[in-house]
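*Asks:* Just a sequence and a predicted model for now, questions to come.
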Amino acid sequence: MFNKKFYFALASLVGAIVGVGIFGIPYVVSRAGFWIGAAYLIFFGGVILLLHLVYGEIVCRTQEKHRLPGYAAKYLGKWAKGLSFFSVSFGLLSALLAYIIVGSHFLNILFPYLFSNQLMAGLFFWAILSFAVWRGIKTVAWMEFLMTIFLIMVIAIIFFWGVPKMNLNNLADLNLSHIFLPYGVIFFALIGLGAIPEIKEILYPVSRRSNKSFLKVIILGTLIPAALYFLFALVVVGVSGGFTTQEAIKGLSQVLGKNIAGLGALFGILAVSTSFLLWGINLKNTFIYDLKMRKGIATVLVLGIPILLFLFGIRSFVGVIGLAGVIIGAVEGSLILLMLKKAKKLGNRQPEYSLKIPSIFLYFLIGIFLLGAIGQIFYFVK
């Protein structure tokens, strides 16, 4: 029987995960080597699935409705709330900067004569969308859903068009000097923590027979993007090889032609634009309601910080989302794992499922998050 709530929740999680990060994956995979990148996708696909399930149990054990800073305050204290708020704000501001950077690349692909200069393209992209954020123009849920569907369709077109033109030799290269490069980008691309409380609200309250729905949504909603990323990286690296660009699309034009690259850039910029509006307004409201900022100050910070960083020359798309990924992993990932035991003891709701994970394994994962962050930061500064 068709379960509308189940598929809507699944689409919400997939849509929350599949975003700007997908365009950075082929580049980092091509630099480190396809099979190193594939190993990252498999490993972090499993780790982030576990992280989503842990967060899901925390959400299920809590009667009150919160977001990550609220859960951190409840189970770990004010210090954790402050740390998680910093991580969430840093991640969203980094995402807004990444949207400006990749948006400028897409404008250059679509209108090469009009936007040959990245600075002008980025300023134009930022100005148009900043006006919308300032006015509070929201993207509606169905628009986000359509953009995700269209983006997946374009990736499918690129995949089927590109497979016959793949050069398998492009998949054989390995470069251990770039072994840490994929870490942050892949983590950033796969994480979807913000959607976990949302999908719980979509599914529940429902009958007890639906207890497994939440588990299934989290599992499928995490693994589908991971599989999609793998296929996208496979075809882009197989086609472009060493010519893979940071936004993935431009490098394809040399083999697949300008029409395919233009199609990818068109839907890419639409997807990036809707995400900029969604997260820009979300962060503005977070500053207003959680930090009690005035609306004008909150708007200036949300829109001003990313464009100032862009103007000061921070224009490496992969560098920005890579750094955001390691911060999110080190801070949010560690906090969520630390919250699990507290939630099992202090939670005030019967959960839909309960995970049995040895404490030593949780600490092992926290160690991986912290060491991975250190390795990635050293990689970028060396």
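*Replies:* Nice, thanks for sending it over. Numbering: from 1, shown residues only.
*Asks:* What's the local residue count around residue 348?
*Replies:* Look at residue 348: counted by other Cβ atoms under 10 Å, it has 10 neighbours. From N, CA and C alone the C-beta is placed, and that goes for glycine too.
*Asks:* what sits against it?
*Replies:* Residues in contact with residue 348 (Cβ atoms under 8 Å, 6 or more residues apart in numbering) are 61-63.
*Asks:* Dump those to TSV, plus distance to residue 246.
*Replies:* Shown next, in TSV, are these (distance: Cβ to Cβ, whole Å):
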residue	distance to residue 246
61	41
62	40
63	44
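*Asks:* From these, pick the one nearest residue 116.
*Replies:* residue 62 (51.8 Å; Cβ to Cβ).
*Asks:* now, which of the contacts of residue 348 sits nearest residue 195?
*Replies:* residue 62 (16.4 Å).
*Asks:* picking up where we left off before, just the buried subset of the contacts of residue 348, please.
*Replies:* Buried members of the contacts of residue 348, scored by 16 or more other Cβ atoms under 10 Å, are 61-62.
*Asks:* tell me what the helix or strand where residue 215 lies is packed against?
*Replies:* Residue 215 is part of helix 211-240, with elements assigned from DSSP states H and E. On a contact count with 3 or more Cβ pairs under 8 Å, 6 or more residues apart in numbering; DSSP states H and E, helix 211-240 meets helix 4-17, helix 25-32, helix 34-60, helix 141-162, helix 182-190, helix 196-203, helix 253-256.
*Asks:* Show the average pLDDT along the fifth one.
*Replies:* In this model, helix 182-190 carries a mean pLDDT of 92.
*Asks:* My guess is residue 267 contacts residue 151. True?
*Replies:* Yes: contact criterion Cβ atoms under 8 Å: residue 267 and residue 151 qualify, at 5.5 Å.
*Asks:* can you dump the C-alpha coordinates of the lowest-mean-pLDDT helix or strand in the chain into PDB?
*Replies:* Within the chain, judged by mean pLDDT, DSSP states H and E, the helix or strand with the poorest mean is helix 253-256; its value is a mean of 73. Extracted in PDB, the C-alpha atoms of helix 253-256 (Å, rounded to 0.1, in the frame of the first residue of the first chain):
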ATOM      1  CA  SER A 253      32.100  20.300 -21.900                       C
ATOM      2  CA  GLN A 254      35.300  19.200 -23.500                       C
ATOM      3  CA  VAL A 255      34.000  15.700 -24.000                       C
ATOM      4  CA  LEU A 256      30.200  15.800 -23.800                       C
END
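*Asks:* need the next SSE after that helix, C-terminal direction.
*Replies:* Next helix or strand after helix 253-256 toward the C-terminus (DSSP H and E): helix 258-290.
*Asks:* Run the chain-centre distance for that following helix.
*Replies:* 12 Å (Cα atoms, centre = their mean, to the nearest Å).
*Asks:* OK, contacts around residue 73?
*Replies:* With contact set as Cβ under 8 Å, 6+ apart, residue 73 has these partners: 80-81.
*Asks:* as a whole number, average confidence for the helix or strand hosting it?
*Replies:* Applying DSSP H and E as the criterion places residue 73 in helix 68-75. Mean per-residue pLDDT for helix 68-75: 90.
*Asks:* okay, the helices and strands packed on helix 211-240 in TSV with distance to residue 88 and mean neighbour count next?
*Replies:* Output for the helices and strands packed on helix 211-240, formatted as TSV (distance: least, Cβ to Cβ, whole Å; neighbours: other Cβ atoms under 10 Å):
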stretch	distance to residue 88	mean neighbour count
helix 4-17	14	20
helix 25-32	23	27
helix 34-60	13	21
helix 141-162	19	16
helix 182-190	13	29
helix 196-203	13	20
helix 253-256	36	18
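*Asks:* could I get those as a markdown table with distance to residue 83?
*Replies:* As requested, those are exported to a markdown table (distance: least, Cβ to Cβ, whole Å):
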| stretch | distance to residue 83 |
| --- | --- |
| helix 4-17 | 22 |
| helix 25-32 | 27 |
| helix 34-60 | 16 |
| helix 141-162 | 29 |
| helix 182-190 | 18 |
| helix 196-203 | 19 |
| helix 253-256 | 43 |
